[in-house]
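*Asks:* build me a model from this:
(2 chains)
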Amino acid sequence: MSLAYSDLLQLFKFHPGWRLLRADNAPLILSFLDKTFIEPNVRTISQSDLIARLEDTLYELHQSQNTEHYPRSASAYLEEWAHDSKGWLRKYYPDDSDEPHFDLTPATEKVIGWLESLSGHAFIGTESRLMTIFELLRQMVIGTETDEATRIEALEAEKAHIDRQIEAIRNGEMPLLDETALRERFMQFSTMSNDLRSDFRAVEENFRKLDLQVREKIALFEGSKGELLEEVFGERDAITDSDQGRSFKTFWDFLMSPSSQEEFSELLEKVFSMDCIRISKPDGRLKRIHFDWLEAGEKTQRTVASLSQQLRRYLDNQAYLENKRIMSILDTISQGALKVKHSMPKNRTFMTLDKISPEIQLIMERPLYKPTAKVDLSSVIREANEEVFDSEALFNQIYIDRAELEANIRRELQTVSQITLSALIEKYPLHKGLAELLCYVSIASAGKLSVFDEENEESVCWEDSKGRLRKAMLPRIIFNRS
Amino acid sequence: MSDQTQPDKAFSRVMINLLKGVIYAEEEPKLWQQLLNLQARVRDYAKQIGLSLEISEEEGFAWLKTIDEQEEGEEMPRLISRRQLSYPVSLLLALLRRRLAEHDATSSDNRLILSKNDVIEMITTFLPSGSNEVKIVNQVESYLKKIADMGFIRYLRSDKDTIEVRRILKVFIDAQWLNEFDLRIKEYLLSGRGAEDE
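*Replies:* Next up is the predicted model:
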């Protein structure tokens, strides 16, 4: 990437990241998005959820700043941030939901990462970085060496080095990493770990770009299907076998292997228990960073799988050939339609089309005429009479159908001679919670044939309106048939 | 006994649902599975009432179609009637089909979701200019409603201004249909009714 004036001007104007930095309300956007997405490592939030959070944030800001800095509504802001002209949020519809969901774009994530780096670390370790670089070079050189002798030579040298270290330890010389070196390495570990976690968004975006490239290629392709398949796939899967795909797969396999997970956890545990690390109060979340990776990686994994599959499907069912034909017909239709624009055909039937399904109308199922019942809407508000007023109706908001519960009991007693309340509720789960349970108890206490067994207790569970599991303990209640 | 009644119930359920409309794998996975299992029987049954079962496994939907063959000159009454479409509704269907084709060529998202404004923008180029905007919006809304009744789009639950173009549209608005539409416009132009202000 050159930093020539014209290139930079281009970036300055069009790169979502740079535009975000230039935005007037950048502090609001960035702090909000960091708090919502990056910090808790969230990859997808539904629109209603995100709006609620932004509303809270705006409310807090207005309270503490005592001004109306941000006059627009939360949803208006979100709409703007996700718009193509801004590109700070990715808005999409998941397959199983009618509600739009949001994720950060890689550009936004980059900006947040860069801002974090601005705040500066206490010190920047150069030694551990140098070691890492050395190690990388060594891997590249040795990993590609085909000459047996050279390879063995390298391993021999390594072996000699290790032997010397063993010898030194036997002689009582034990070189230890000093605290500075430890802290430096830990810092590097922490930066790289966080980078890796945030890389997933970019990886996913790359996959999506790859998919788009292939689709464009298909759309522009002139030639037979066989040639196309060869061109696009050859022996490889355009997505899974790309550099990006293979690197990701190796990473994923490594992360998923139980032995490497275990080793990683153990190493982390040990490092975190070191005195000099503990004193520097490391971010506790680092300790479970590999679970964050797993979580983020899984989302990417799913994206890759579905992209591959959809692309295959698109090629397999010849949709692309049909699409091409259709596009060319539609071009001539458009020309024609423009010509008739000012004198559009008025007749009611211009085209016909099969209905999507048969329509079966049974003559006897037609409803007969029914005069509409007149509802008397005139209302008289009577003056309050303190004594007669029964306030219970106000509190009686939940209506429990006692007859229905009694019917449940009767129905069960048709097949068995007795049943406990808990067994009954297992068959007919509680929908109205405690009130419904109490109604059962009251039926039991009114009925002559029910038995309260105070010796034994039973538990009854139900889900309340918010989906929380509730549980009640009560004496065993048995309903009897006779 | 239940061994025998169960599959029959499933068969009836599949058949009735098919007669009522398209079965989508995504919306009714269980029913979809039953349909796949009972495919042969459903096919046989449908054939007796002059229908053929069409399944697109890749796209995940199934529907019934009139069998076209005329056996020994004796034409069968059609169980599925044809719908008459006005010019603007036909045009909008064609435009939606284009969006679907473009969508497939450029995106890996399975679902095509449009806002009402997208649709209005899409069609206003082809409507006489100068008519007032409110009128156009109302018109487009009425077209959309017709298309929704036909089952080619559906309004998203969260938001009445957003529609999903159902992928079954591909099957009905195919190259053949579009060719015919094109032909009709050309005929209309030739008859001199459309070209007066060109």
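*Asks:* got any ranges where the chain has weak pLDDT?
*Replies:* This is for chain A. Chain A contains residues with pLDDT under 70 at A:1, A:66-68, A:120-123, A:231-237, A:316-318, A:379-398, A:482.
*Asks:* I was after chain B.
*Replies:* The model of chain B has pLDDT under 70 over residues B:1-7, B:69-74, B:130-131, B:158-159, B:192-198.
*Asks:* where do the strands sit along it?
*Replies:* Under the criterion DSSP state E, strands of chain B are mapped to B:23-24, B:51-56, B:61-66, B:82-85, B:112-115, B:153-156, B:159-165.
*Asks:* winner for burial among these?
*Replies:* strand B:61-66 (a mean of 21; mean count of other CB atoms under 10 Å in any protein chain shown). For the C-beta atoms, the positions are set from N, CA and C on the backbone; glycine is no exception.
*Asks:* any part of that one near chain A?
*Replies:* Yes: using CB under 8 Å from any CB of the partner chain, strand B:61-66 comes into contact with chain A via B:63-66.
*Asks:* which residues are in contact with residue 127?
*Replies:* You didn't pick a chain, so chain A it is. A:181, A:184 (CB atoms under 8 Å, 6 or more residues apart in numbering or on different chains).
*Asks:* hmm, no, I was thinking of chain B.
*Replies:* A:341, A:344, B:88, B:136, B:139.
*Asks:* show me which of the residues you listed is closest to B:Phe126.
*Replies:* Closest approach to B:Phe126 among the contacts of B:Leu127 (CB to CB): A:Lys341, at 5.9 Å.
*Asks:* do you know how far the closest one is from A:Ile333?
*Replies:* As judged by CB to CB, to the nearest Å, A:Lys341 and A:Ile333 stand 13 Å apart.
*Asks:* which residues of the stretch 301-450 of chain A fall in strands?
*Replies:* With DSSP state E, counting those that start in this stretch, the ranges of strands along the stretch 301-450 of chain A come out as A:351-354, A:418-420.
*Asks:* would CSV of the ones you listed with distance to chain B and mean neighbour count be doable?
*Replies:* Output for the strands of the stretch 301-450 of chain A, formatted as CSV (distance: least, CB to the nearest CB, whole Å; neighbours: other CB atoms under 10 Å in any protein chain shown):
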stretch, distance to chain B, mean neighbour count
strand A:351-354, 4, 17
strand A:418-420, 24, 17
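*Asks:* burial count for A:Leu413?
*Replies:* 17 (other CB atoms under 10 Å in any protein chain shown).
*Asks:* with A:Met364 instead?
*Replies:* 4.
*Asks:* residues contacting it?
*Replies:* With contacts taken as CB under 8 Å, 6+ apart, A:Met364 has no neighbouring residues.
*Asks:* tell me who's in contact with residue 35.
*Replies:* In the absence of a named chain, this looks at chain A. With CB under 8 Å, 6+ apart, A:Lys35 has these contacts: A:Thr57.
*Asks:* ah, no, chain B please
*Replies:* By CB under 8 Å, 6+ apart, the contact set of B:Leu35 is B:14, B:18, B:23, B:42, B:55, B:62.
*Asks:* A:Ser247 belongs to a strand?
*Replies:* No: counting by DSSP: H, G, I helix; E, B strand; the rest coil, A:Ser247 is not part of a strand but helix.
*Asks:* neighbour count winner among A:Lys341 and A:Ile333?
*Replies:* Taking neighbours as other CB under 10 Å, A:Lys341 and A:Ile333 compare with A:Ile333 leading, 26 against 16.
*Asks:* what's the helix or strand hosting A:Ala202 packed up against?
*Replies:* Here A:Ala202 sits within helix A:179-220, counting by DSSP states H and E. On a contact count with 3 or more CB pairs under 8 Å, 6 or more residues apart in numbering or on different chains; DSSP states H and E, helix A:179-220 meets helix A:106-118, helix A:127-144, helix A:225-232, helix A:243-256, helix A:275-279, helix A:289-316, helix A:319-339, helix B:87-106.
*Asks:* got the ones you listed as a markdown table, with distance to B:Phe181 columns?
*Replies:* Below are the helices and strands packed on helix A:179-220 laid out as a markdown table (distance: least, CB to CB, whole Å):
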| stretch | distance to B:Phe181 |
| --- | --- |
| helix A:106-118 | 43 |
| helix A:127-144 | 61 |
| helix A:225-232 | 27 |
| helix A:243-256 | 42 |
| helix A:275-279 | 72 |
| helix A:289-316 | 25 |
| helix A:319-339 | 6 |
| helix B:87-106 | 6 |
